[in-house]
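Peer 1: sequence-free structure coming up:
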């Protein structure tokens with residue numbers, strides 16, 4: 001009797017507990033939970049500081065655990081709560097949408113026992129047509145930070161999540177981003193199973209909206225939404241988009257996307273022109289042909305600022321190739337773009353107005369077609385300085401070969417590109433040309449409406465025969481050209497800068513040989529010209545050549561131009577107009593020794609750069625012809641040859657003195673200073689350029 005009493009008490013206790021549970025289950029199942037909606041709405045609103053509303057039916061039902069669960073939990077019934085028309089409001093200042101989050105229907109199941117330990121374990125959470133509207137203001141404040149009630153004693157764990165037809169709008173005033181996405185979960189997300197661990201992506205989405213006023217469309221897939229609840233998560237992302245006139249794709253990871261601190265993405269970009277990237281990136285890039293590039297985009301957050309690196313990228317620009325690493329550093333008063341870019345082959349026309357080359361669009365604007373000849377020889381395309389203050393730059397460019405369509409190719413290009421406070425400096429810009437080296441320091445000051453430009457140039461070891469690659473008669477020539485220039489000018493194109501240029505130009509040619517045929521033609525020695533043309537050309541010794549021009553307001557006046565060989569001396573006077581692109585030169589050849597049937601007479605070089613006109617001056621030639629006709633008529637036909645015989649001998653030129661004087665002038669060029677004067681090209685820079693070429 002005494003033994004059965006405790007058993008009876010235990011039995012009655014268990015029965016009472018089961019009865020209470022049964023009553024609780026019945027009450028929960030039969031209670032009209034819509035009566036509790038005002039209390040729930042009020043409690044959640046007070047706790048979050050946002051209006052919370054369950055606008056539709058609120059129901060609770062009992063269900064057994066899922067068959068996929070293991071252990072005794074799958075047999076324990078759990079309540080499933082279903083709520084219709086659930087909404088949480090946004091602050092009044094938000095324009096992205098009236099509700100921070102809303103859903104047509106929310107269904108969740110939870111374990112009851114963990115509630116005793118202040119744990120909310122949601123075994124299933126399903127959302128029908130969820131909508132989220134997030135907004136961040138320019139000052140950094142946002143719409144998703146709720147009321148701070150201090151540390152919570154409750155923990156929330158979501159085991160499975162599923163949703164369909166979800167929409168998200170993210171409006172970020174700080175970066176001018178208005179992004180809209182439609183998303184659906186690819187599977188029921190379950191972080192607690194091994195299958196979920198292998199599931200890299202949890203949602204798919206499509207994109208629309210705008211970035212810096214450029215339209216955005218695209219789509220992709222991303223990691224499981226539940227992973228966003230983890231601390232310091234690495235979130236996978238794969239997406240493609242059309243950004244304005246550009247196409248982009250990314251594949252990589254975001255570090256802690258809730259408070260984004262790092263980005264590591266493989267980024268591919270392509271478009272019609274790199275200038276179209278300015279509305280998207282805020283980075284000033286030139287007008288270019290079609291481009292495509294792929295590289296690794298690294299973003300690192302330091303406080304509120306982001307440092308961006310486009311690492312080991314490779315790409316194409318028109319028919320040119322580009323590769324390298326660039327880094328974008330935010331700073332005041334302007335961000336800095338720095339890094340290195342290299343190219344195996346770069347076409348000059350691919351650079352477009354970056355170097356002042358005229359585009360087809362510009363030609364059409366001036367009434368020309370893409371293939372129609374143009375009377376302008378110098379580039380007239382305008383430099384666009386409107387965005388030169390968008391950033392500073394410190395970029396080194398190296399190119400193995402620079403191809404120009406109709407001219408001598410350039411090689412071994414090295415350019416240190418600096419942009420600071422709208423002043424663009426190429427210090428230096430070095431390249432190989434005609435077997436020699438060109439070393440330059442250039443500045444373009446864009447702080448005023450009209451660019452102030454200055455260039456200091458040094459040319460060394462240019463091979464004569466390579467300067468005239470299409471002239472067969474020059475291929476056996478040798479000798480080297482040395483030159484220096486110092487010019488200033490004002491204008492927004494190469495043409496206008498040269499049209500206003502002041503300074504000087506000077507060049508010398510070292511000892512070597514040149515084509516006799518070319519010299520004979522210059523002297524109009526017809527018999528010898530015919531002879532060498534029929535029986536072959538030969539080389540004559542070049543003793544010296546020196547030229548020196550003074551440039552004033554775009555007019556290059558010859559101060560000295562003399563060419564001395566073993567067979568002739570040629571003096572040139574006159575001027576070259578860089579403004580009108582015209583020639584007005586007087587050429588006086590004097591042969592060394594007698595010539596039979598010589599029409600030796602002064603020559604002229606007139607016309608334009610595009611269409612030069614070179615020929616004998618008609619006055620002296622007419623006198624010779626008249627004298628020959630008169631002698632043939634009055635004396636005898638043989639006498640007509642006398643005016644055509646040259647027995648004068650040109651005096652020997654003191655080449656040593658001429659070269660010494662020309663070299664001194666050439667090595668000390670001067671020009672008036674601009675607002676940002678280019679430094680003189682030093683001998684050390686010339687030697688460095690020669691070493692880099694090797």
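Peer 2: Sure thing, it's come through. Quick caveat: nothing in here was measured; it's all calculated off a predicted structure. Numbers count the residues shown, from 1 in each chain.

Peer 1: Residue 450 belongs to a helix?
Peer 2: No. Residue 450 sits outside any helix when classified using DSSP: H, G, I helix; E, B strand; the rest coil, being coil.

Peer 1: Now do the same for it: its pLDDT.
Peer 2: pLDDT for residue 450: 92.

Peer 1: Enumerate every residue touching it.
Peer 2: 490-492 (C-beta atoms under 8 Å, 6 or more residues apart in numbering). Heads up, the C-betas are built off the backbone N, CA and C, glycines and all.

Peer 1: now the stretch 251-400 of the chain, which segments are flagged as low pLDDT?
Peer 2: Applying pLDDT under 70 to the stretch 251-400 of the chain picks out residues 256-261, 279-286, 348, 351-375.

Peer 1: can you give me the strands for it?
Peer 2: 262-271, 291-302, 305-317, 320-329, 336-343, 346-347, 392-403 (DSSP state E, counting those that start in this stretch).

Peer 1: most packed of these?
Peer 2: Ranked by mean neighbour count, the strands of the stretch 251-400 of the chain are led by strand 346-347 with a mean of 20 (mean count of other C-beta atoms under 10 Å).

Peer 1: So which elements touch that one?
Peer 2: strand 320-329, strand 392-403 (3 or more C-beta pairs under 8 Å, 6 or more residues apart in numbering; DSSP states H and E).

Peer 1: got the ones you listed as a markdown table, with distance to residue 506 columns?
Peer 2: Listed next are the helices and strands packed on strand 346-347 as a markdown table, based on distance: least, C-beta to C-beta, whole Å:
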| stretch | distance to residue 506 |
| --- | --- |
| strand 320-329 | 34 |
| strand 392-403 | 25 |
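
Peer 1: Which one of the ones you listed lies nearest to residue 613?
Peer 2: strand 392-403 (30.5 Å; C-beta to C-beta).

Peer 1: what's the following helix or strand after the closest one?
Peer 2: strand 410-420 (DSSP states H and E).

Peer 1: Would you tell me what the next helix or strand after that next one is?
Peer 2: That would be, after strand 410-420 and using DSSP H and E, strand 423-433.

Peer 1: partners of that following strand, with directions?
Peer 2: If you go by DSSP bridges, strand 423-433 pairs up with strand 410-420 (antiparallel), strand 436-445 (antiparallel).

Peer 1: Show me which positions of the first one end up buried.
Peer 2: Going by neighbour count (16 or more other C-beta atoms under 10 Å), the buried part of strand 410-420 is 410-415, 417-420.

Peer 1: pLDDT (mean, whole number) over that strand?
Peer 2: Strand 410-420 carries an average pLDDT of 89.

Peer 1: Give the closest residue to residue 51 in space, chain neighbours not counted.
Peer 2: The shortest distance from residue 51 to any non-neighbouring residue, by C-beta to C-beta, 6 or more residues apart in numbering, is to residue 89 (3.8 Å).

Peer 1: nope, residue 409 is what I was after
Peer 2: Closest to residue 409 by C-beta to C-beta, 6+ apart is residue 403, at 5.5 Å.

Peer 1: Can you name the residues bridging to the one you found?
Peer 2: Going by DSSP bridges, residue 403 forms beta bridges with residue 347.

Peer 1: What of residue 84?
Peer 2: residue 105.

Peer 1: returning to that earlier point: mind giving me TSV with the strands paired with strand 423-433 and columns for distance to residue 132?
Peer 2: Output for the strands paired with strand 423-433, formatted as TSV (distance: least, C-beta to C-beta, whole Å):
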stretch	distance to residue 132
strand 410-420	41
strand 436-445	49
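
Peer 1: and of these, who's closest to residue 456?
Peer 2: Here strand 436-445 is closest among the strands paired with strand 423-433 (C-beta to C-beta), at 4.8 Å.
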